[in-house]
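In: here is my input, please return the structure:
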Amino acid sequence: NMQILQWKIKHNKDSNNQYLFLTWQKNWQVELAKKINKKDFNFEMIKELHHIKTNKENLLDGSNSSFEILTSLMILYLHDSLKLLGAEPNKLSVDAIVGMVFMI
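Out: Reported below is the predicted structural model:
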């Protein structure tokens, strides 16, 4: 469930095709996505992005990975905690999926 939550937070968009949460994206990436949605892409669009034009960010900057690190650590700690309690996470996942199938 935590892995599903992690993916949904990173990738879900609203009805206007805007990210619900900005986790990994840089400002210029969000600007570019908005412009691409409005018209055809060309490489000149990148030069005109506010955060690129004002040198606040550049194309070679790494993406923000702090969210990914935090959620991955949470998943790791959950996995280790379950093992310490004597439960095997993979078996619990299979049991949960089987249980949900029978509920439907």
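In: pLDDT below threshold where in this structure?
Out: 37-39, 88-104 (pLDDT under 70).
In: let me know the outermost residue of it.
Out: Distance to the chain centre peaks in the chain at residue 86, reaching 30.7 Å (criterion: Cα atoms, centre = their mean).
In: after the host helix or strand of residue 7, next one along is what?
Out: Using DSSP states H and E, residue 7 falls within helix 2-11. Using DSSP H and E, the helix or strand that follows helix 2-11 in sequence is helix 27-38.
In: buried sites along that next one?
Out: By neighbour count on 16 or more other Cβ atoms under 10 Å, the buried set for helix 27-38 is 27-29, 31-32, 35. In this view, the C-beta of every residue, glycine as well, is placed from N, C-alpha and C.
In: and the contacts of that helix?
Out: 17-19, 22, 25, 45-46, 49-52, 56-57, 59, 63 (Cβ atoms under 8 Å, 6 or more residues apart in numbering).
In: that's a helix at the residue farthest from the centre of the chain, yeah?
Out: No. Under DSSP: H, G, I helix; E, B strand; the rest coil, residue 86 falls outside any helix and is assigned coil.
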